[in-house]
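**Q** Here's a sequence, model it:
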Amino acid sequence: MLDIEVSEITTRRERSAFIKFPWQIYSNDPAWVPPLIIERKEFLNRKRHPFYQHGDAALFVARKNGKIVGRIMASDDPNYNSLHQSNVGCFGLFESIDDHDVAAALFEAAANWLRAKGRTEMMGPIDYSTNYLCGLLIDGFQFPPTVLTAHNPPYYQCLIESCGFFKTKDWYAWWFADPAKAVADLRRLAARFKARCPATIRTVNLRKLRDESRRLREIYNQAWEKNWGFVPFTEAEIEFMTKELKPLLVSEFAWFAEIGDEAVGFTLCLPDINVVLADLNGRLTRFGLPIGLIKLLFYKKRIRKGRLIALGVIEKYRRAGIAEMLVLRVMEETMIKRGITGELSMTLEDNFMINRFLEAIGARRYKTYRIYSRSIPAVGA
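**A** Here you go, the predicted model:
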């Protein structure tokens, strides 16, 4: 490892090289979708991203003979540790050539940074927190990633495990293509439930998106609070995410369930803009013109692939049919009327209720994502 040098990113130029390194890793991977460079810059901007209002992170690159051969982010979220009474930090944005020594050097740099923060455990891949991109893909490599999901080479699993990491938790992604039988079954269930629980299902009001996002945050922070890895969205984080997602939202893709004046559940879907991003190679402009942006907005409502990104119901209404009503509405308005197929993700491996429900409506599990962890030994241990 003497010829491997790991250094922390300190300049704008270095950050740009950090962002563009994946193009080297995935040059021959037909499934990879290049991220938008402008979005990656915003995500890593310490002055703008709301994670840095309560947490901290550092970026590292590994060089071999002067050439970048790997990268990693280490992040520390006091909110997570306070909630879970833990002492853990995270690694994310991991990319590396197929070289154990490079990976080991990157993980050592991340561990050293987290050790200085007083942390005794490291888990990942997690980009800041589980509210953002997380998980290592361990099967389904032939399928392109949908919007806001991860993709990586198969050899990453061996690299990570060879560096002392063990499985902590798996997440599943499901593919759903034929809604006919599910819609018929769900309509019968919804009719039965509605007689006992008169919920109103309505679309998200895109003209009042700030108010709607606050309602979504309230439901999310209640519905997910007992899930593994949960950390609540702060107000600043939900505002940031709303701004990021606003250009992608279609009203028929997002729904609230209300009982009286109380919002008790929601579902959020997105058109899979990765279908368009795959052709943009990370850039919205060409020759100084916003060609990519125009293409993205033009195709937003014409994309026939989507992702159900979140489904949440507050606990006291979990068995009242709210989830079934929300999923039914999504199927009717997107799959039946628009001919959309797509992914439902991500679900925890031990969330048996939702996994059985997805299997029952005909979804097929087609990808698995894994979170790893390892201890951070004290210096000299």
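**Q** surely residue 217 meets residue 235?
**A** Yes: using C-beta atoms under 8 Å, residue 217 is in contact with residue 235, at 7.3 Å. Every C-beta, even on glycine, is put in place using the N, C-alpha and C of the backbone.
**Q** So between these two, which is more surrounded?
**A** Taking neighbours as other C-beta atoms under 10 Å, residue 217 and residue 235 compare with residue 217 leading, 19 against 12.
**Q** Could you find the closest non-adjacent residue to the more buried one?
**A** residue 238 (4.4 Å; C-beta to C-beta, 6 or more residues apart in numbering).
**Q** swap in residue 186?
**A** residue 328 is the one closest to residue 186 (C-beta to C-beta, 6+ apart), at 4.1 Å.
**Q** which secondary structure elements does the helix or strand harbouring that neighbour contact?
**A** Residue 328 belongs to helix 322-330 when assigned by DSSP states H and E. Under the contact criterion of 3 or more C-beta pairs under 8 Å, 6 or more residues apart in numbering; DSSP states H and E, helix 322-330 touches helix 180-196, strand 200-203, strand 254-259, strand 262-271, strand 305-313, helix 352-360.
**Q** Paired strands for the third one, with orientation please.
**A** What that stands for is strand 254-259. Paired strands of strand 254-259, with direction, are strand 200-203 (antiparallel), strand 262-271 (antiparallel) (DSSP bridges).
**Q** now what about that strand, what contacts it?
**A** When contacts are defined by C-beta atoms under 8 Å, 6 or more residues apart in numbering, strand 254-259 is touched by residues 197-204, 212, 215-216, 263-269, 313, 317, 322, 325-326, 329-330.
**Q** So among these, which ones count as buried?
**A** 197, 199, 201, 204, 212, 215-216, 263-269, 313, 317, 322, 325-326, 329-330 (16 or more other C-beta atoms under 10 Å).
**Q** Average pLDDT for stretch 311-331, rounded please.
**A** In this model, stretch 311-331 has a mean pLDDT of 88.
**Q** which residues sit against that stretch?
**A** 179, 182-183, 186-187, 189-190, 192-194, 196-197, 199, 201, 219-220, 222-224, 226, 253, 255, 257, 259, 264-269, 308, 353-354, 357, 361.
**Q** same check, this time on stretch 230-248
**A** With C-beta under 8 Å, 6+ apart, stretch 230-248 has contacts from 39, 42, 48-51, 53-54, 77, 79-80, 83, 129-131, 147, 206, 209-210, 213-214, 216-217, 220-221, 224-225, 270-271, 273, 296-297, 300.
**Q** Take these and keep only those in strands.
**A** The strands, defined by DSSP state E, take in 270-271 from these.
**Q** Show me which of the contacts of stretch 230-248 are buried.
**A** Using 16+ other C-beta under 10 Å, the buried ones in the contacts of stretch 230-248 are 49-51, 77, 80, 129-131, 147, 209, 213, 216-217, 220-221, 224, 270-271, 273, 296, 300.
**Q** before we move on, the earlier item: do you know which of the strands paired with strand 254-259 lies nearest residue 281?
**A** strand 262-271 (19.9 Å; C-beta to C-beta).
**Q** any idea how far whichever helix or strand comes after that closest one is from the chain center?
**A** Downstream of strand 262-271, the next assigned helix or strand under DSSP H and E is helix 274-277. Computed by C-alpha atoms, centre = their mean, to the nearest Å, the chain-centroid distance of helix 274-277 equals 16 Å.
**Q** Also stretch 5-18?
**A** 24 Å.
**Q** same question, stretch 11-25
**A** Worked out by C-alpha atoms, centre = their mean, stretch 11-25 lies 21 Å from the chain centre.
**Q** Pull out the buried residues from it.
**A** Buried, per 16+ other C-beta under 10 Å, within stretch 11-25: 15, 18-19, 21-22, 25.
**Q** Select from the residues you listed every entry located in strands.
**A** Reading strands off the buried residues of stretch 11-25, I find no matches (DSSP E).
**Q** all strands for the stretch 1-150 of the chain, in order.
**A** 4-8, 56-64, 67-76, 88-96, 121-124, 136-139 (DSSP state E, counting those that start in this stretch).
**Q** Neighbouring strands of the longest one in the sheet, and parallel or not?
**A** Put plainly, it is strand 67-76. strand 56-64 (antiparallel), strand 88-96 (antiparallel).
**Q** deepest of these, which one?
**A** strand 88-96 (a mean of 25; mean count of other C-beta atoms under 10 Å).
**Q** Of the strands of the stretch 1-150 of the chain, which is nearest residue 175?
**A** Here strand 136-139 is closest among the strands of the stretch 1-150 of the chain (C-beta to C-beta), at 12.7 Å.
**Q** Show me what that closest one is packed against.
**A** helix 156-162, strand 364-375.
**Q** Tell me the buried residues in that strand?
**A** 136-138.
**Q** again, but for stretch 344-359
**A** Applying 16+ other C-beta under 10 Å to stretch 344-359 flags 344-347, 349, 351, 355, 357-358 as buried.
**Q** for the residues you listed, which one is nearest residue 163?
**A** Nearest member of these to residue 163, counting by C-beta to C-beta, is residue 349, at 22.8 Å.
**Q** Now the closest residue in space to that closest one that isn't next to it in sequence: phi and psi?
**A** When the adjacent residues along the chain are set aside, residue 349 lies closest to residue 170, with 4.2 Å between them (C-beta to C-beta, 6+ apart). Here is the backbone geometry of residue 170 (degrees, to the nearest 10): phi -110, psi 150.
**Q** That's all I had, so thanks and see you.
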